[in-house]
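Student: Quick one: sequence and predicted model below, then my questions.
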Amino acid sequence: MALNPESEKPLARPNSSKNYKFTHLSEAFRYDPLIMKWMLTFLLTVGLAHAAPIKTKTSDYLKSEIEASLNLLPLSFLASVQKAITIKEKPLKSDSKMSENLCDLPDDIEFGRTVRNTITISSQLVNLAKNSTQSFDCGHGSFKQLLTAVIIHELTHIKDNAEKISIDPDFQRIVGMKKVQKRSKKRLMNYNAAVSPDAYEFKNLEESLAVNVEFLILDPEFECRKPATANFLSAKLGIELKGECAKNDKILIQSAFLEDNYQTAVSLDLKKIYQVHYLFAGQGEALMSRWGHAMFRIVICAPFREVPGPECLEDISHHLVLSYRASMNDLSVNYLKGMMGQYHSQLFIMRYFEVQQEYTKFGLRDLFSVPLKMTENQKKDFIDLTLERYWTYQGKYYFLDNNCGTETVKHLAVALSEEESRLIGSITPHKIYKDIVKESNNLTSGQVLVVKSMSKEYEETYRFIQSNLPGLFKEKKFKKFLSKTTSRERFEAYERLNLEEVENPQLRKQLVMKINHLERYLSSKFIMGLPSRVMDVMEKNSSIKEEVLQMNESMNLLTTQPWEVINSNYGVPTEYEVEEELESFLIKRRHQVVELSGKQLEQIQQILGEKYFSYELEELEGLRNITTLIRELILQSL
């Protein structure tokens, strides 16, 4: 790799067999250590390699470990470094804290240090690496392997100083920066230590690069556990991925319904994915929804389809939605926390049909599904990042400048070329939609699919009931009816209803079904609005506040992250880890849901029993009565 002026010998790779038949000089250069030494000396002498020499002021043991570490790196790894690199071995301030237990080292231990082109390695670490033969179930597994990691880590800093890899926009998007930065000392927004191989990677961009490079070189599983990071480093550093690990493409489906959450594992198999869509939900009534919501839709083909094609668009029960959202345990949205970044930003993966219902039925918002033009490699990059983000990412959600829109754009930019990424210059969901569908940008592949809000359908249902049962409802306009209606008034109206006056039997059935359809919506709408009403009262009454906070604590026991369901070594879990831990989690979760749901029901009844909620209690009683009455009306209509 480079000459050692003190010994006048190049740092050499270990001896290997010479029994090779080469058809090209490059093959000899790769496999024969004697030819390699000669070629390295020649290249360094005439300056063709453009790599700086490495001077060592170390023990023979460390010198041999440096040679072994260089052997693991591509020959061109330091080609961009022009000044000589000096590696020293000396005591560092934190050496006294270094115990002989690799798994019990303090976070502030310093194993090595790089200042400009001078690397200093802890002599205590060298001593432990030389004398300790123990293996550990943490970190790099042994002190000897840790020493190799530190050498690679510090050499990566040298390379980064010359090439500025850590501030590459794609690297920043992958590891979790709020915005693309120009300085490598910037701290990462993602800080999910629970699923990191080494939490030191979150200190800043340059440490993130160095930590990930050391694991890429030393851990054969790294490219499967952090596939997007591995793809980037492989392309940027010229490090060929080994392909020795079995990549797991399974994720656990999340759901707003506790009984369905994490119950099913689904494969993001590229062979079954037809398209990736930008999924845009139109404007909502809530403050944080006024710009719409940005998501992705993964068009996965049904298992019986042999080849992905347009017919897979019909397989909506298999489609998934990727949605960056604020991960909240609160009963209702705290806008101040949302403005200050006190909610976590996470990638949620849900069934498309559930999301469609959420927006079109309950939120009364239109959905726009835009097929994105992607090559197979771009699709792979997109899915690799999806897997890594789902299992490892926990950033900070800011309603204004790190929200669903910005997170979605960053995710997509990793898959697209830089030129294509620049065409999406917006950060709000609606403007992103406009950038993507703009014809001259050529980012789409096919027509935009629109699922209309059910608002018009409910309004037509209301008009149908009005026209056939005049006088049943007082208000002529549906919006006014929604703002004024109570369950008690509607129950009394339905009680007065005499279906025998409707002579046409088909019309009788249709009317009852329409009333049932309308009531299901009104019931859901009321129940979904209860938490905000409770929160409003809570702020005015300390006793209710205490009860709500207790209920919130029990809710938190059921709020689980993917990495809490599957306890993996780090990053994306292996298929074995998923199979091993999912079953035990599901058994435990069933008991929790039954126990805590019953407890919550008691708490809700106790809270609503307060005098402040007389209207809510009356409304709930009216809804129960309506449900019973509609059953009777259905029987009458037959």
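Tutor: Ah, there it is.

Student: residue ranges for the helices of the stretch 51-200 of the chain, please.
Tutor: Along the stretch 51-200 of the chain, counting by DSSP state H, counting those that start in this stretch, helices occupy 60-72, 123-131, 143-163, 169-175.

Student: Show me what counts as buried in the last one.
Tutor: Neighbour counts over helix 169-175 (16 or more other C-beta atoms under 10 Å) mark 170-175 as buried. (Each C-beta comes from the backbone N, C-alpha and C, glycine too.)

Student: And for the second one?
Tutor: Burial within helix 123-131, assessed by neighbour count using 16+ other C-beta under 10 Å, is assigned to 123-129.

Student: okay, the angle between it and helix 143-163?
Tutor: 130 degrees (axes from the mean of the first three to the mean of the last three C-alpha atoms, to 10 degrees).

Student: about what we covered before: name the member of the buried residues of helix 169-175 with the shortest distance to Thr375.
Tutor: Asp170 (16.2 Å; C-beta to C-beta).

Student: In terms of pLDDT, where does that closest one sit?
Tutor: Note for Asp170: predicted pLDDT of 96.

Student: Was I right to think it contacts Ala413?
Tutor: Yes. Contact status for Asp170 versus Ala413: in contact at 7.3 Å, counting by C-beta atoms under 8 Å.

Student: So Glu492 versus Glu632, what's the distance?
Tutor: Taking C-beta to C-beta, to the nearest Å as the measure, Glu492 falls 15 Å from Glu632.

Student: for Gln254, same thing?
Tutor: Applying C-beta to C-beta, the value for Gln254 to Glu632 is 39 Å.

Student: who has more neighbours, these two?
Tutor: The residue with more neighbours, out of Gln254 and Glu632, is Gln254; 24 against 11, by other C-beta atoms under 10 Å.

Student: Quick check: the more buried one touching Asn261?
Tutor: Yes. Here Gln254 reaches Asn261: they are 5.8 Å apart, a contact under C-beta under 8 Å.

Student: count of residues packed around Cys245?
Tutor: As a burial measure, Cys245 scores 16 neighbours (other C-beta under 10 Å).

Student: what about it, which SS state?
Tutor: coil (DSSP: H, G, I helix; E, B strand; the rest coil).

Student: quick one, what contacts it?
Tutor: 220-221, 223-225, 574 (C-beta atoms under 8 Å, 6 or more residues apart in numbering).

Student: Dump the residues you listed to a markdown table, plus distance to Thr628.
Tutor: Listed next are those as a markdown table, based on distance: C-beta to C-beta, whole Å:
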| residue | distance to Thr628 |
| --- | --- |
| Pro220 | 63 |
| Glu221 | 58 |
| Glu223 | 60 |
| Cys224 | 55 |
| Arg225 | 54 |
| Thr574 | 52 |
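
Student: So which of those belong to strands?
Tutor: Here DSSP state E is the test, and the contacts of Cys245 give no hits in strands at all.

Student: By neighbour count, which of those residues wins?
Tutor: Arg225 (26 neighbours).

Student: how close does it sit to Pro573?
Tutor: Arg225 is 8 Å from Pro573, by C-beta to C-beta.

Student: do the same with Arg631
Tutor: Taking C-beta to C-beta, one finds Arg631 at 47 Å from Pro573.

Student: Same drill for the two, tell me which one is more crowded.
Tutor: Pro573 (25 against 11).

Student: Nearest spatial neighbour of that one, chain-adjacent residues omitted?
Tutor: Closest residue to Pro573 apart from its sequence neighbours, by C-beta to C-beta, 6 or more residues apart in numbering: Ile566 at 4.7 Å.

Student: Contact partners for the one you found?
Tutor: Ile566 makes contacts with 252, 391, 573, 577-578, 581-582, 585, as judged by C-beta under 8 Å, 6+ apart.

Student: hmm, back to that, specify which member of the contacts of Cys245 is nearest to Lys396.
Tutor: Nearest to Lys396 among those is Arg225, at 23.5 Å by C-beta to C-beta.

Student: Now for the closest one: which residues touch it?
Tutor: Counting by C-beta under 8 Å, 6+ apart, Arg225 touches 197, 219, 245, 568-572.

Student: And Leu633, by the same measure?
Tutor: 494, 497, 499, 512, 515.

Student: what's the spacing between it and Asn498?
Tutor: 11 Å.

Student: swap in Ile427?
Tutor: In terms of C-beta to C-beta, Ile427 sits 57 Å off from Asn498.

Student: Lys236 too?
Tutor: Where Asn498 is concerned, Lys236 sits at a distance of 77 Å (C-beta to C-beta).

Student: So between those two, which is more surrounded?
Tutor: Higher neighbour count among Lys236 and Asn498: Lys236, with 15 against 8, using other C-beta under 10 Å.

Student: got the contact list for the spatially closest residue to the more buried one that is not a sequence neighbour?
Tutor: Once flanking residues are discounted, Lys236 sits nearest to Ile165: 5.8 Å by C-beta to C-beta, 6+ apart. By C-beta under 8 Å, 6+ apart, the contact list for Ile165 reads 159, 171, 209, 236-237.

Student: Quick one: the residues you listed as CSV, columns for distance to Ile527 too.
Tutor: Converted to CSV, those look like this (distance: C-beta to C-beta, whole Å):
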residue, distance to Ile527
Lys159, 58
Phe171, 45
Leu209, 49
Lys236, 51
Leu237, 54
